[in-house]
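Student: this is a predicted model, with the sequence first.
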Amino acid sequence: MNTTTDFKSMFQGQGSNKLARVNSKAKASEVNDAANCNSIVTLDVLDGLTLEVGERDLPISFRPSAHKLLNAAIIRFTEINTYKDTDNLQKTVSLHLEEYMRDCGTPLTKPSKDKARERVKEDLKALCSCRVSWTEKKGKAEESFDSIKIMNFKGVSNSVIEFKFTDRFAEYLVTSYIMQFPMALFKIDDRNPSALILGRKLALHRSMNDKSKNKKRKSGNPELISVNSLLDECCKTIPSYEKVLGSDRCISDRIRKPFEDAMDALSFVSWEYLTSGKEPVARDSLSSLRYYDFKKLYVKFSFNAAG
């Protein structure tokens, strides 16, 4: 049975959208020149975005819960700032731990609260330790963003989570764009990172279409997006065709099934496959479909918005 979701406004740009796709786990064996405590370790390179951390900050894991925490922080940052107003930036934001736990569907028991507090501290370490670099096009020009820290202050005190975005990242966010973020994404199981990535991509696609059509989105209004675009979004969590071809060659089990499982995990989204001619396609007819034909399909989706 499908559930519904509320939406909240959230600043977003090409850099933060690329960052949302990162799925890094750093190990000591990945460090070069271990004797130099100031060495920089590259954790991830994705579509022009580089995620780096100093060796002394290892080990860190940029896991789904870290992405959720960053989303929650940016949503709160969006609430207390005015779009494109860089003169009155409020860079420090606070979240109540229990409120965040409710958003994530975590029971408010003492053991759960203790565990959530420790996880938040670990995720804050990842968010505050890393630097990101990327380039993006703005009109005909290309702008480079080099070695930008996301946050430079962290803490959990008296069940209040505090963040302080760096000047550069805060200015980037407030002058970028706005999307409508589905709050139900916070309840996605952290063991399914592809679902978190795909849900955010669908919401971003929906928000961009809202802007281009210059009208308010109505609940249940469907959208179209190519399977190829969605698979590209999950390039760090679902293996590529080339990688599968070089191993067991089981395209259906290694690519299509994880993709469908992730889409089905979005219980607040209704979806189906369409051909390039926009005709519905039954899933049970895809078992013999070649990969190149599969990625040419489209997904028609709609959010089951609350209210």
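Tutor: Received it, and whenever you're ready, just let me know what you need. Residues are numbered from 1 along each chain as shown.
Student: contacting residues around Ala170?
Tutor: Listed by Cβ atoms under 8 Å, 6 or more residues apart in numbering, the contact partners of Ala170 are Phe77, Leu89, Lys91. Quick note: C-beta positions are derived from backbone N, CA and C, even for glycine.
Student: reduced to three states, what does it come out as?
Tutor: helix (DSSP: H, G, I helix; E, B strand; the rest coil).
Student: any idea how far it is from Lys149?
Tutor: 11 Å (Cβ to Cβ, to the nearest Å).
Student: run a quick neighbour tally on the closest residue to Gly15 other than its chain neighbours.
Tutor: Closest residue to Gly15 apart from its sequence neighbours, by Cβ to Cβ, 6 or more residues apart in numbering: Trp134 at 4.9 Å. Using other Cβ atoms under 10 Å, Trp134 is surrounded by 22 other residues.
Student: which strand residues bridge Trp134?
Tutor: Phe145 (DSSP bridges).
Student: correct me, but it touches Phe145?
Tutor: Yes - counting by Cβ atoms under 8 Å, Trp134 touches Phe145, with 5.4 Å between them.
Student: quick check: neighbours shared by these two?
Tutor: Contact criterion Cβ under 8 Å, 6+ apart; residues bridging Trp134 and Phe145 by contacting each: Gly15.
Student: pLDDT below threshold where in the stretch 101-250 of the chain?
Tutor: Counting by pLDDT under 70, the low-confidence segments of the stretch 101-250 of the chain come to 211-221, 248-249.
Student: cutoff 90 now
Tutor: For the stretch 101-250 of the chain, the stretches with pLDDT under 90 are 137-142, 152-155, 158, 208-222, 240-250.
Student: the helix or strand where Ser9 lies: how far from the chain's middle?
Tutor: For Ser9, the host element (DSSP states H and E) is strand 7-12. Offset of strand 7-12 from its chain centre (Cα atoms, centre = their mean, to the nearest Å): 12 Å.
Student: could you do stretch 160-179 as well?
Tutor: Worked out by Cα atoms, centre = their mean, stretch 160-179 lies 15 Å from the chain centre.
Student: now swap in stretch 190-200 and tell me
Tutor: From the chain centre to the centre of stretch 190-200 is a distance of 7 Å (Cα atoms, centre = their mean).
Student: where along the stretch 151-300 of the chain do the helices fall?
Tutor: Here the stretch 151-300 of the chain has its helices, by DSSP state H, counting those that start in this stretch, at 167-174, 193-213, 227-233, 241-245, 251, 257-264, 291-294.
Student: after the fourth one, next one along is what?
Tutor: Tracing the chain C-terminally past helix 241-245 and defining elements by DSSP H and E, one meets helix 251 next.
Student: what lies in contact with that next one?
Tutor: Under the contact criterion Cβ under 8 Å, 6+ apart, helix 251 has outside partners Tyr241, Val244, Leu245, Tyr291, Phe294.
Student: Pro280: neighbouring residues, count only.
Tutor: Using other Cβ under 10 Å, Pro280 has 9 neighbouring residues.
Student: about what we covered before: dump the helices of the stretch 151-300 of the chain to CSV, plus distance to Pro59.
Tutor: Shown next, in CSV, are those (distance: least, Cβ to Cβ, whole Å):
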stretch, distance to Pro59
helix 167-174, 23
helix 193-213, 18
helix 227-233, 26
helix 241-245, 25
helix 251, 33
helix 257-264, 26
helix 291-294, 35
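Student: among these, which is nearest Thr4?
Tutor: helix 193-213 (13.7 Å; Cβ to Cβ).
Student: the closest one packs against which elements?
Tutor: helix 64-80, strand 177-182, strand 223-226, helix 227-233, helix 257-264, strand 298-303 (3 or more Cβ pairs under 8 Å, 6 or more residues apart in numbering; DSSP states H and E).
Student: so which of those comes closest to Ser287?
Tutor: Of all the helices and strands packed on helix 193-213, helix 257-264 sits nearest to Ser287, with 10.5 Å by Cβ to Cβ.
Student: select, out of the helices and strands packed on helix 193-213, the one closest to Asp6.
Tutor: strand 177-182 (7.7 Å).
Student: hmm, which two among the contacts of helix 251 are most spread apart?
Tutor: Leu245 and Phe294 (13.7 Å).
Student: neighbour count for the two, which is higher?
Tutor: Counted by other Cβ under 10 Å, Leu245 and Phe294 do not tie: Phe294 has more neighbours, with 20 against 14.
Student: contacting residues around the more buried one?
Tutor: With contact taken as Cβ under 8 Å, 6+ apart, Phe294 is in contact with Val227, Ile251, Ile255, Arg256, Leu286.
Student: I'd like the residues you listed as a markdown table, with distance to Phe301 appended.
Tutor: Converted to a markdown table, those look like this (distance: Cβ to Cβ, whole Å):
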| residue | distance to Phe301 |
| --- | --- |
| Val227 | 12 |
| Ile251 | 23 |
| Ile255 | 19 |
| Arg256 | 17 |
| Leu286 | 17 |
